[in-house]
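Undergrad: Pasting the sequence and the predicted model now:
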Amino acid sequence: MNNILTIDGPSGVGKGTIARIMAQKLDWHLLDSGAIYRAFALAVDARGVDIGNENALEKIAQTLDLEFKTEVGSELVSVFLDGRDVSKTLRTEQTGEMASKIAAIGVVRGALLKRQQDFAQAPGLVADGRDMGAVVFADAPFKVFLTASAQERAERRLKQLQAQGTAGIISQILAVVVARDERDCSRENSPLKPAKDALVIDTTELSIDEVVAQVSELVTKS
């Protein structure tokens, strides 16, 4: 299928927001691959499986009972794992950290690859993640890689936490951001990096509308 737009980048660059907006503008399906890895991390934790047990991890990945639901008239996507709504737990720092560690394991990425590719259905797909353009949908005609400074991303995360009524310390958040970047960029399996043919956009000083305009131009000019 030719109608695939991939939006990759590290945490805090605005991938999720831009992907949702573009999916709505284009009336295409949406894949939040990060949610798949986070849900997988929750499933592993719930089963008490050690992340060093690759055979057990592979079995969980192959049988993951995961469902995405969108409320009518709402842009919010609810995630159900084993029939239970885990949308809020999915977005915690703890889950994100565990997902980042598990995502570096080759058998996990291999087992979840086909699961992600199955989201590519007519009329089109907007895929948000870290290796959507480089690996999962390497033949996609439209590829974007978003970046932003670590400091800016830490400040965005702090604002998110405050909006949720949760306190945070910017120095600690920044340390987590830097550590996750290092882990994602240096892993052996699908390291975080732009696809060779991706449009790289630094969102540090850009508004959401400005980023959307650049992504929209990429898709519409072709």
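TA: Ah, there it is.

Undergrad: any chance you could read off phi and psi for residue 7?
TA: phi -130, psi 110 (degrees, to the nearest 10).

Undergrad: wait, what's in contact with it?
TA: 15, 18-19, 22, 126-129, 132, 144-146, 215 (Cβ atoms under 8 Å, 6 or more residues apart in numbering). From N, CA and C alone the C-beta is placed, and that goes for glycine too.

Undergrad: separation between residue 201 and residue 145?
TA: Remark: distance between residue 201 and residue 145 (Cβ to Cβ, to the nearest Å) = 7 Å.

Undergrad: An error on my part: the question was meant for residue 199.
TA: Taking Cβ to Cβ, one finds residue 199 at 7 Å from residue 145.

Undergrad: With residue 18 instead?
TA: 11 Å.

Undergrad: Hmm, residue 21 and residue 30 touching each other?
TA: No - Residue 30 is beyond contact range of residue 21, at 10.1 Å (criterion: Cβ atoms under 8 Å).

Undergrad: Enumerate the positions of the lengthiest helix in the chain that are buried.
TA: Taking DSSP state H as the criterion, the chain has its longest helix at helix 170-186. Neighbour counts over helix 170-186 (16 or more other Cβ atoms under 10 Å) mark 173, 174, 176, 177, 180, 181, 183, 184 as buried.

Undergrad: could I get those residues as JSON lines with pLDDT?
TA: Formatted as JSON lines, these follow (pLDDT from 0 to 100):
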{"residue": "173", "pLDDT": "92"}
{"residue": "174", "pLDDT": "93"}
{"residue": "176", "pLDDT": "90"}
{"residue": "177", "pLDDT": "92"}
{"residue": "180", "pLDDT": "89"}
{"residue": "181", "pLDDT": "89"}
{"residue": "183", "pLDDT": "88"}
{"residue": "184", "pLDDT": "87"}
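
Undergrad: Return the member of those residues nearest to residue 206.
TA: Nearest to residue 206 out of the buried residues of helix 170-186 is residue 177 (Cβ to Cβ; 18.5 Å).

Undergrad: In the protein, mark out all the helices, start to finish.
TA: 15-26, 33-46, 54-62, 87-90, 93-102, 106-117, 150-163, 170-186, 208-220.

Undergrad: most tightly surrounded among these?
TA: Of all those, helix 33-46 carries the top mean neighbour count, a mean of 22, counting by mean count of other Cβ atoms under 10 Å.

Undergrad: Can you list the neighbours in contact with that one?
TA: 15-16, 51, 57, 60-61, 64, 66, 68, 77, 79, 81-82, 86, 89-91, 95-96, 98-99, 102-103, 108, 112, 115-116, 127-130, 132, 136.

Undergrad: Residue 109 is in contact with residue 190, isn't it?
TA: Yes - using Cβ under 8 Å, residue 109 is in contact with residue 190, at 5.8 Å.

Undergrad: and the closest residue to residue 54 other than its chain neighbours, what is it in contact with?
TA: Distances taken as Cβ to Cβ, 6 or more residues apart in numbering place residue 107 nearest to residue 54, at 4.9 Å, with adjacent residues excluded. Going by Cβ under 8 Å, 6+ apart, residue 107 touches 54, 57, 58, 61.
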